[in-house]
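Asker: Mind folding the following:
(4 chains)
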Amino acid sequence: MSEYSSDEMMSVAAARALSGGQRCFVGIGLPSTAANVARRTHAPDLVLIYESGTLGSKPDRLPASIGDGILAETADAVISVPEVFNYWLQPGRIDVGFLGAAQLDKFGNINTTVIGDDYADPKVRLPGAGGAPEIAANCHEVYVVVRQTRRSFVDKVDFVTSFGHGTGHGERQRLGLRGAGPTLVITDLGVFRPDPDSHELVLTGVHPGVTVEQVREATGWELTVADELSTTPAPTSDELAVLRALKEASQ
Amino acid sequence: MSEYSSDEMMSVAAARALSGGQRCFVGIGLPSTAANVARRTHAPDLVLIYESGTLGSKPDRLPASIGDGILAETADAVISVPEVFNYWLQPGRIDVGFLGAAQLDKFGNINTTVIGDDYADPKVRLPGAGGAPEIAANCHEVYVVVRQTRRSFVDKVDFVTSFGHGTGHGERQRLGLRGAGPTLVITDLGVFRPDPDSHELVLTGVHPGVTVEQVREATGWELTVADELSTTPAPTSDELAVLRALKEASQ
Amino acid sequence: MAEIVSLPGAVAELVRDGDVVALEGFTHLIPVAAGHEIIRQRRRELTLVRMTPDIVYDQLIGAGCARKLIFSWGGNPGVGSLHRFRDAVQHGWPVPLEIEEHSHAGMANRYVAGASGLPFAVLRGYVGTDLPNVTDTIKPITCPFTGETLTAVPALNPDVTIIHAQRADRAGNVQLWGLVGVQKEAVLAARRSLVTVEEVVDELAPVPGGIVLPSWAVDRVAEVPGGAHPSYAQGYSERDNAYYAAWDTISRDRDEFERWVEEVRHERVQL
Amino acid sequence: MAEIVSLPGAVAELVRDGDVVALEGFTHLIPVAAGHEIIRQRRRELTLVRMTPDIVYDQLIGAGCARKLIFSWGGNPGVGSLHRFRDAVQHGWPVPLEIEEHSHAGMANRYVAGASGLPFAVLRGYVGTDLPNVTDTIKPITCPFTGETLTAVPALNPDVTIIHAQRADRAGNVQLWGLVGVQKEAVLAARRSLVTVEEVVDELAPVPGGIVLPSWAVDRVAEVPGGAHPSYAQGYSERDNAYYAAWDTISRDRDEFERWVEEVRHERVQL
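Answerer: Numbers count the residues shown, from 1 in each chain, chains lettered A, B, ... in the order given. Predicted coordinates for the structure are as follows:
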């Protein structure tokens, strides 16, 4: 077993969550890294869909952006941006939406818009929504991958850019949203899943060497821990090799 | 001057109505013949648009249908059927809609749906609307080319498939239709234009050898004749040669 | 992922009595062989959907497969009328045919809405025409920003869409080019889909103007060379204009038509 | 028909103070040179529109050309934040920047409506998010057939859209391929349009995945080789990732940024 960083553990854990044949709508950054590792390891049939308009991209390096030319050159089909949203995402053809977040709250709501209470005068202006609101709404389920700190993992997001479970307790269904929303959150510390009733995120696994106390300290709400807490298997040398090769190829 | 048929006179007269650089949405049959003659004679820059999804087709023979392969092979761009209607026709990008008709009435309304008063039990079931209702609505103006008889040239169409001037007197504008509607009707006998106020079709020209009385007999309403009645110049030998070559090439 | 199967197998599996079925193709790439297989398998009570019902729909209607037609232009292109269609509408032969009639723009947008997972589409259409008086799937809608009134039509979501394409690869990815019509939308709008192709190849070389339907957006693919005859498949075949003209004669007469149907029913299936 | 002109001439003619201007391009084919020309000509009070405002919009905003931004994602892709954009939003420097914020799906559909001559578009979007609370161009709409509530967004119809493409022919027909983004819709939605191209050629050979905008749908074409730098033009250039990283440093500091603007303003125009 090699040495590895917590970021590498997170990427590998996220990659493992994807399985072959799934259609995955890939956000840029951490989600793209994880999805590409999955396709290069246990899930070669994983279908990668990017909002720049590519269906079935098979990049041999990490794309530098969602509009990287390699995504188009290796795709089964290149389509317009309106088409990717209207014909492919909106009707529920995508199994998994794979998203990052600047802020994530205990009900899986995502903020990538502003930090601070005042939208008009924000503490920090973030990039905004991009494709995320409709990815979160229309994919069968959503996986979120995010580095966990008390600032990113909050009780309530300052701004709901992408709706997760709202205030929980079935609010998605009441709003008529057809996808299941965030069913899995993977951080550099562990793994979270929504409670089936309350839809609050519950710690269901920790990465090797991480304590529940560490997770609690990096969580901005009173953390619930699952009765059966798993420990993520450490990255295999194969997984690490693929991850590092992908990252190196994209320098 | 060669001998020519009244159909040939009609096609040539219709062709002359088009001018170079115009974007023309071409219905199949008589309109397509005329538009292709125009492109091969005085209007080489005429842009032909077919509802099968071709922009700028340059066929060297008459297409057998609006989906003839030659239309795609010679086009500047081939697009989907939804796109041709939504992005090109609907926003008013087309100068002239060139239509045929089974029945046409004195206000330029077109029927290609049913003959007879009872839609549910028609005397004759016609093909239906096709692209015509929106061609008639959204082109800057509409030219109609039709063989004229008392059965085809009626006081009031049995069914309004494509709206011309309705009951006249500015009804188009009141309905919010943006194109000018039928501004020219060419038959095998003569040429008609709507009166600027009433919008009733008025005979403004006759083809060589045709009398006003003949036109009146083939018109199903009390015909108004323009004060200045022109006589269409007979087809030139060049026009006839092009028309016949196109027709021959499509056998 | 699309499975590559035989045409009879695919029709037997996908097309059920009473289904809403779209066989799309705008003059080019019409899935005629699949239509004949539906006749052969004696499907009944179908609601047939197509922008431009032509010969193959005349055949399906004459063979008694349909109880309803949703369409925007029905004719034998370049020749004239559809006599079986007329006979069904005007005389209820062999069974009455209900019709739901739209314009091309309306039908195209109904497929777009269906492909987009929306319940309706908006267009500038039908204004002043008699179509809204006879078709109840045309309604006004008001723009919430400008107050302008436009026209709404409901989504089309066929139970099955069948199209014909030039090629598929062995994984079931489908490629078509030339006039692509409304086929992508019709497939994406459907609950189930079948694509007949001229050939199955190892790899889909990119073609200018070509579109690809990924394998995971299609249910079944069947290799049916010439499956669009008498229409054409660009790069593979020419339109058989004589057949269109000949159909006019066959279809004018019920007896002659019935002989034709018997022939189709007894065609050896070689797939 | 599109006229082939110089870039400075086209910008001088088409882009006016106070206009709504879209420079579209989804990472690929971003019309950066045209953006710099707008800075050079010191346009003011523009409403800038783009799904993915990145470096060139950061530059336009920093140079004081814009009073408003309509967008769905603003960042330096693969690097981080847009510092000039943040400075304008958070501190009103050099002038206050109003924002109208959507999602990608909403923006794409706003262009589609604009290209389609419709006043609004319908989508499944924004439900449950805070965006409708801060953006007044998001409204509910009811399906007249099912009663379901969906979301409407108004059409975008820029005064001018500028895009970059690989090629045009001498008649002004424009061809682009690779990631085509929302460029066709943005051009068709606009009142006036300019396409900068890598090269003007005698004939547009068909390219797989390529689309053509006919000359009569475009107002002006300008030959600007490398006009997408630091983004790329598939088949012509690679993305200059180092520039994106370098921009982070330049844009963090107002003084350094102003030196950059001065350099752009004094660039020799060779077109």
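Asker: In contact with A:Pro82, which residues are there?
Answerer: Neighbouring residues of A:Pro82 by CB atoms under 8 Å, 6 or more residues apart in numbering or on different chains: D:Ala108, D:Asn109, D:Tyr111, D:Val112, D:Val182, D:Glu185. Backbone N, C-alpha and C define where each C-beta goes, glycine included.
Asker: got the contact list for the closest residue to A:Lys123 other than its chain neighbours?
Answerer: Excluding its sequence neighbours, the residue lying closest to A:Lys123 (CB to CB, 6 or more residues apart in numbering or on different chains) is A:Gly116, at 3.5 Å. Under the criterion of CB under 8 Å, 6+ apart, the neighbours of A:Gly116 are A:Pro122, A:Lys123, A:Val124, A:Asp158.
Asker: hmm, 6 Å instead?
Answerer: Taking CB atoms under 6 Å, 6 or more residues apart in numbering or on different chains, we find A:Gly116 in contact with A:Pro122, A:Lys123, A:Asp158.
Asker: Tell me, how many residues neighbour the second one?
Answerer: It refers to A:Lys123. Using other CB atoms under 10 Å in any protein chain shown, the number of residues around A:Lys123 comes to 11.
Asker: what's the answer for C:Met1, then?
Answerer: Applying other CB under 10 Å, we find 14 residues neighbouring C:Met1.
Asker: hey, where'd the helices end up in chain C?
Answerer: With DSSP state H, the ranges of helices along chain C come out as C:7-14, C:32-40, C:55-62, C:83-91, C:104-115, C:131-134, C:183-189, C:241-252, C:254-266.
Asker: meant to ask about the stretch 101-250 of chain A
Answerer: A:132-138, A:171-174, A:212-217, A:237-249 (DSSP state H, counting those that start in this stretch).
Asker: so does the least confident helix or strand in chain A by mean pLDDT get close to chain C?
Answerer: The least trusted helix or strand in chain A, going by mean pLDDT, DSSP states H and E, turns out to be helix A:69-73, with a mean of 89. No. Applying CB under 6 Å from any CB of the partner chain, one finds helix A:69-73 separated from chain C by no less than 10.6 Å.
Asker: For that helix, give me every contacting residue.
Answerer: The contact list for helix A:69-73 (CB under 6 Å, 6+ apart) reads A:Tyr50, A:Thr54, A:Ser57, A:Pro59, A:Pro63, A:Val78, D:Gly178, D:Leu179, D:Gln234.
Asker: Equivalent analysis for stretch A:207-224, please.
Answerer: Residues from elsewhere that reach stretch A:207-224 (CB under 6 Å, 6+ apart): A:9, A:106, A:148-150, A:153-155, A:189-190, A:202-203, A:225, A:232, A:234.
Asker: repeat for stretch C:53-66
Answerer: Outside of stretch C:53-66, the residues within contact range by CB under 6 Å, 6+ apart are C:32, C:35, C:39, C:43, C:46, C:48, C:71, C:74, C:77, C:82, C:84-85, C:88, C:94-95, C:247, C:251, C:257, C:261.
Asker: Narrow these to just the buried residues.
Answerer: For the contacts of stretch C:53-66, a burial check counting by 16 or more other CB atoms under 10 Å in any protein chain shown picks out C:32, C:35, C:39, C:43, C:46, C:48, C:71, C:74, C:77, C:82, C:84-85, C:88, C:94, C:247, C:251, C:257, C:261.
Asker: Tell me who's in contact with the residue in the stretch 101-250 of chain C that chain B sits nearest to.
Answerer: Nearest residue of the stretch 101-250 of chain C to chain B, counting by CB to the nearest CB: C:Gly128, 3.3 Å away. The contact partners of C:Gly128, by CB under 6 Å, 6+ apart, come to B:Phe163, B:Gly166, B:Leu175.
Asker: Same list (the helices of chain C) but as TSV, adding mean pLDDT.
Answerer: As requested, the helices of chain C are exported to TSV (pLDDT from 0 to 100):
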stretch	mean pLDDT
helix C:7-14	97
helix C:32-40	97
helix C:55-62	98
helix C:83-91	95
helix C:104-115	98
helix C:131-134	98
helix C:183-189	98
helix C:241-252	95
helix C:254-266	95
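Asker: Just name the most buried of these.
Answerer: Per-stretch averages of neighbours, counted by mean count of other CB atoms under 10 Å in any protein chain shown, single out helix C:104-115 among the helices of chain C, with a mean of 29.
Asker: Show me what from the stretch 51-200 of chain A comes close to chain C.
Answerer: With CB under 6 Å from any CB as the criterion, the stretch 51-200 of chain A meets chain C at residues A:Leu55, A:Gly56, A:Asp76, A:Ala77, A:Asn86, A:Tyr87, A:Gln90, A:Pro91.
Asker: And the furthest pair within the residues you listed?
Answerer: Among those, the pair separated by the greatest distance (CB to CB) is A:Asp76 and A:Gln90, at 19.5 Å.
Asker: what sits opposite the spatially closest residue to C:Gln90 that is not a sequence neighbour in the beta ladder?
Answerer: Of all residues not flanking C:Gln90 in the chain, B:Arg125 sits nearest, at 5.8 Å (CB to CB, 6+ apart). Here B:Arg125 sits in beta bridges with B:Val114, going by DSSP bridges.
Asker: Double-check B:Arg125 against C:Ala88; I have them as touching.
Answerer: No. Assessed by CB atoms under 6 Å, B:Arg125 is found out of contact with C:Ala88, at 9.3 Å.
Asker: How are the strands of the stretch 101-250 of chain C distributed by residue range?
Answerer: C:120-123, C:139-142, C:149-154, C:160-169, C:174-176, C:192-201, C:211-213, C:220-223 (DSSP state E, counting those that start in this stretch).
Asker: would you turn those into TSV with mean neighbour count?
Answerer: Formatted as TSV, the strands of the stretch 101-250 of chain C follow (neighbours: other CB atoms under 10 Å in any protein chain shown):
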stretch	mean neighbour count
strand C:120-123	26
strand C:139-142	16
strand C:149-154	21
strand C:160-169	27
strand C:174-176	26
strand C:192-201	22
strand C:211-213	24
strand C:220-223	24
